[in-house]
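>>> take a look and give me a structure for this.
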Amino acid sequence: MLRKILVLAATAAMFLFCYRVEADQIAVSWDGGGNYNDWDNANNWDPNIVPNNDGNTFAVTINAGTGEVHVGLRQRSTIDQLDCYGEVDLVMGPHDWQNEPVKLILVNPNGLTNYGDLEMDELEIIGIVTNWAMLELWEVEIEGDLYNLAGAVIVAESENDVEGDFQNDGTLTIIHASDLLCDSNLYNNGQINLYGGECGAENILDNNSTGIIRGFGVLYADQLPQNKGKIYAYGGSLAISSEGPFLNSGILANYALSSLHIKSVADVNNNGTIEVNAGGGVAFDCNMVNDTNGIINLYGGNLVAATITQTADANFAGFGGITGNVVIDPNGLIQLTGPTNIVGDVNITSGATLEISDGTTLITGHCTCNNGTIHMKGGRIIPQGGFTNNGCNIIWEPGTYTNVADFNLDGLVNFKDFADFADTWLWQAAWY
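Purely as a prediction, here's the structure:
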């Protein structure tokens, strides 16, 4: 009986001992003492043991110091967490291509944390990745969330995928013909620079109030792109594509000689600001409503949409080009100050106003004014496609810089102008 008790006690003690050993976490650091830059070479680690959770668990540190470290992964490895310092290249090393892909599995919520200049090439990371400094991605798949903290930089080359959420509080740069795509959501509080690349999310792409997206290439959100910050087309054409509605309460703009193209399956309601600069434009592949508190500033560029609706509580001013039909809702106001071409029809509803100052507005489509107002301040409207006047209130007055009665353009209106007017008496429009 005593012997049985002793045996049971010894077995329990051994079990507790083994459990304690299995639960031990070993801290290992890269020292590069092996002949090759091989993760699976024990001589490259201090202590000399390959970090791979199998009984023990490992917290791994790779510190390049003032030099540069290359570490090659040849097979699937599981550790608790990995911290990188200095200039570190973590790459896929030589391996048997018939086996499963090279994966680094991080089971601790801390995951992989970069504090230095880390470059990752052709790897599959399973776990959370957090960047505090400089992270370069080249054909990397992250099965987890990616965090780019304030002041940190991520550069994406070739094809990269994040299967979780990506939160960018720092700077993300995507170079030519490269991409960074999220299978879930992308939240931008920092800056995203596109140089001919693609950035997107399968669910929500949220450019927050502090977020800036700038460049040329493609922005994509399968369900919902929403802009509360600033999106600028710069250096070429920037396309925003979505299978769902696009929401704007921030700033959409194009730099000179660049164009911003919003491709949405649903109509867009603008509650923010649209700036249309010369040498380019802002285009919508749908109807666009300039909604409550929305602002459209035309600075010589071209605004395009199937139909542009101006509501009573929105602002629309400037000069340039408008392509699409224009509808001014009751009590709505559009102020065109300078030469403007409208390629489409114009409908001025009851109580609405089209104001034209110091320039000529050419309307290639048909202009209809139903109990609305056309207010000309030193400007002129040319309804090239015809004009329907249903109780329209037409107001004419001199402008600050021009007067349509100044026929000889001498800056004065006098009998000389009256003589010129007489020469054109009994004129009739081609569409009359």
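>>> now the strands for the stretch 301-432 of the chain?
Counting by DSSP state E, counting those that start in this stretch, the stretch 301-432 of the chain has strands at residues 315-328, 333-343, 346-348, 353-357, 360-363, 367-370, 373-377, 380-383, 387-390, 393-397.
>>> to Thr424, which of those strands lies closest?
strand 380-383 (13.9 Å; C-beta to C-beta). Just so you know, the C-beta spots here come from the backbone N, C-alpha and C atoms, and that holds for glycine as well.
>>> so what strands line up beside the closest one?
strand 360-363 (parallel) (DSSP bridges).
>>> report the rounded mean pLDDT for the partner strand.
The average pLDDT for strand 360-363 rounds to 97.
>>> list the buried ones in it?
Thr360, Thr361, Leu362, Ile363 (16 or more other C-beta atoms under 10 Å).
>>> and if you look at stretch 282-301?
For stretch 282-301, using 16+ other C-beta under 10 Å, the buried residues are 282-291, 294-298, 300-301.
>>> where's the spatially most central residue of the chain, which helix or strand?
Per C-alpha atoms, centre = their mean, the C-alpha nearest to the average position across the chain is that of Ile213, at 4.6 Å. Using DSSP states H and E, Ile213 falls within strand 212-221.
>>> and the helix or strand that that strand is followed by, which residues are buried?
For strand 212-221, the following helix or strand on the C-terminal side (DSSP H and E) is strand 224-227. Residues Leu224, Pro225, Gln226, Asn227 are the ones in strand 224-227 that count as buried (16+ other C-beta under 10 Å).
>>> how far off strand 212-221 does whichever helix or strand comes after strand 224-227 point, in degrees?
For strand 224-227, the following helix or strand on the C-terminal side (DSSP H and E) is strand 230-242. Using axes from the mean of the first three to the mean of the last three C-alpha atoms, to 10 degrees, the direction of strand 230-242 lies 10 degrees away from that of strand 212-221.
>>> so what does the helix or strand following strand 230-242 touch, helix or strand wise?
Proceeding N to C from strand 230-242, the next assigned helix or strand is strand 247-248, under DSSP H and E. Where contact means 3 or more C-beta pairs under 8 Å, 6 or more residues apart in numbering; DSSP states H and E, strand 247-248 is packed against strand 224-227, strand 268-270.
>>> how about a markdown table for these, with mean pLDDT and distance to Val69 added?
Formatted as a markdown table, these follow (pLDDT from 0 to 100; distance: least, C-beta to C-beta, whole Å):
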| stretch | mean pLDDT | distance to Val69 |
| --- | --- | --- |
| strand 224-227 | 91 | 39 |
| strand 268-270 | 96 | 49 |
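>>> can you put those in TSV and add distance to Asn185?
Converted to TSV, these look like this (distance: least, C-beta to C-beta, whole Å):
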stretch	distance to Asn185
strand 224-227	9
strand 268-270	21
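>>> could you verify my assumption that Ala42 touches Tyr36?
No: judged on C-beta atoms under 8 Å, Ala42 makes no contact with Tyr36 at a distance of 11.9 Å.
>>> only the buried residues of the helix or strand where Phe58 lies, if you could.
Phe58 belongs to strand 57-73 when assigned by DSSP H and E. For strand 57-73, the neighbour count (16+ other C-beta under 10 Å) marks Thr57, Phe58, Ala59, Val60, Ile62, Ala64, Val69, His70, Val71, Gly72, Leu73 as buried.
>>> farthest pair within the residues you listed?
Thr57 and His70 (25.2 Å).
>>> any low-confidence regions in the stretch 301-432 of the chain?
407, 409, 417 (pLDDT under 70).
>>> same thing but at 50, please
The stretch 301-432 of the chain contains no residues with pLDDT under 50.
>>> for the stretch 1-150 of the chain, just list every one of the helices.
Ranges of helices within the stretch 1-150 of the chain are 2-23, based on DSSP state H, counting those that start in this stretch.
>>> residues touching Gly359, list them.
Contact analysis of Gly359 by C-beta atoms under 8 Å, 6 or more residues apart in numbering lists Phe319, Leu336, Thr337, Gly338, Pro339, Thr340, Gly379, Arg380, Thr402.
>>> kindly write the ChimeraX command that selects the buried subset of these.
The ChimeraX selection below is limited to those of the contacts of Gly359 classed as buried (16+ other C-beta under 10 Å):
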select :319,336,337,338,340,379,402
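>>> got CSV for the contacts of Gly359, with distance to Leu137 too?
Formatted as CSV, the contacts of Gly359 follow (distance: C-beta to C-beta, whole Å):
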residue, distance to Leu137
Phe319, 44
Leu336, 47
Thr337, 47
Gly338, 47
Pro339, 48
Thr340, 46
Gly379, 54
Arg380, 57
Thr402, 57
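>>> farthest-apart pair in the contacts of Gly359, please.
Spanning the widest gap among the contacts of Gly359 are Thr340 and Thr402, at 14.2 Å by C-beta to C-beta.
>>> any regions of the stretch 1-150 of the chain where pLDDT drops low?
Under the criterion pLDDT under 50, the flagged ranges of the stretch 1-150 of the chain are 1-22.
>>> would you map the strands across it?
Per DSSP E, counting those that start in this stretch, the stretch 1-150 of the chain carries strands over the ranges 25-30, 45-46, 57-73, 77-79, 81-92, 103-106, 112-114, 117-121, 124-126, 129-131, 134-138, 141-143, 146-148.
>>> just checking, what packs against the third one?
In other words, strand 57-73. Contact analysis of strand 57-73 by 3+ C-beta pairs under 8 Å, 6+ apart lists strand 25-30, strand 77-79, strand 81-92 as its packing neighbours.
>>> other residues contacting that strand?
Here strand 57-73 makes contact (C-beta under 8 Å, 6+ apart) with 23-30, 32, 36-39, 44, 51-52, 79-94, 102, 104, 107-108, 116, 123.
>>> next one: stretch 224-244 to chain centre, how far?
Remark: stretch 224-244 is offset 5 Å from the chain centroid, using C-alpha atoms, centre = their mean, to the nearest Å.
>>> then stretch 201-220?
Taking the mean of its C-alpha atoms, stretch 201-220 sits 2 Å from the chain's own mean (C-alpha atoms, centre = their mean).
>>> rounded mean pLDDT for that stretch, please.
pLDDT averaged over stretch 201-220 gives 97.
>>> going by neighbour count, which residues in that stretch are buried?
By neighbour count on 16+ other C-beta under 10 Å, the buried set for stretch 201-220 is 201-208, 211-220.
>>> before we move on, back to that, I'd like to know which of the contacts of strand 57-73 are buried.
So, of those, 26, 28, 30, 32, 37-39, 44, 51-52, 79-93, 102, 104, 108, 116, 123 end up buried under the neighbour-count rule (16+ other C-beta under 10 Å).
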